[in-house]
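[1] here you go, sequence then predicted model.
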Amino acid sequence: MKFVLIFGPQAVGKMTVGQELAKITELKLFHNHMTIELVTPFFDYGTKEGQRLVSLFRQEIFESVAKSDLYGLIFTYVWAFDLQEDWDYIEQVCEIFESRGGTVYFVELEADLGERIERNRSPHRLEHKPTKRNVEWSEANLKKSMEKYRLNSLPEEITKGNYLKINNTNLSAVEVANRIKERFEL
């Protein structure tokens, strides 16, 4: 079992890269908004109940996939490096796969703010993430979270062997997916 964690700030291209990686491998994509969009019609993700349900669905999917005979899973996540609870969450998710003999691959994406703001408005993103369709709110939220949290790692902060950091400001999702596939032999 292979577990590919693609992380980085909002609108950096995690979902789109994950979609392209899924096309060229046998990995299944589980982007973080799949659960957020499922829960939001009932409970806003910012509420305690919304977060509880998102967490519950994700946990169940991770457990089921880790026990399955699937080749592997891609998961996307916005990781706040200055929050211990995010480090703990990543460790917990990875343990689900590693405890069953799976291999975890860490892929960090970073891109310039201007590029991320453009991507935040892209029809592809808005098609797959209805909660981002209020573009003014989404852009303000993107900037606010940047000010509040550190959403990319510092040099040598991630010490995992299967780690790749890519600045994809000027790269297509196809190019990034191919780099990931080649680097980790997926």
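    Yep, it's here.
[2] now do the contacts for residue 179.
    Residue 179 makes contact with 164, 166, according to Cβ atoms under 8 Å, 6 or more residues apart in numbering. All C-beta spots, glycine's among them, are computed from the backbone N, C-alpha and C.
[3] pLDDT wise, what is it at?
    Looking at residue 179, its pLDDT stands at 98.
[4] what's around the nearest residue to residue 9 once chain neighbours are set aside, how many residues?
    Spatial nearest neighbour of residue 9, chain neighbours left out: residue 151 (3.8 Å); criterion: Cβ to Cβ, 6 or more residues apart in numbering. When neighbours are defined as other Cβ atoms under 10 Å, residue 151 has 21 of them.
[5] just residue 167 next, same as before
    Neighbours of residue 167 under the rule other Cβ under 10 Å: 16.
[6] so how far is residue 10 from the closest residue in space to it that isn't next to it in sequence?
    Excluding its sequence neighbours, the residue lying closest to residue 167 (Cβ to Cβ, 6+ apart) is residue 110, at 5.1 Å. Using Cβ to Cβ, to the nearest Å, residue 110 is found at 12 Å from residue 10.
[7] now swap in residue 64 and tell me
    Distance from residue 64 to residue 10, by Cβ to Cβ: 27 Å.
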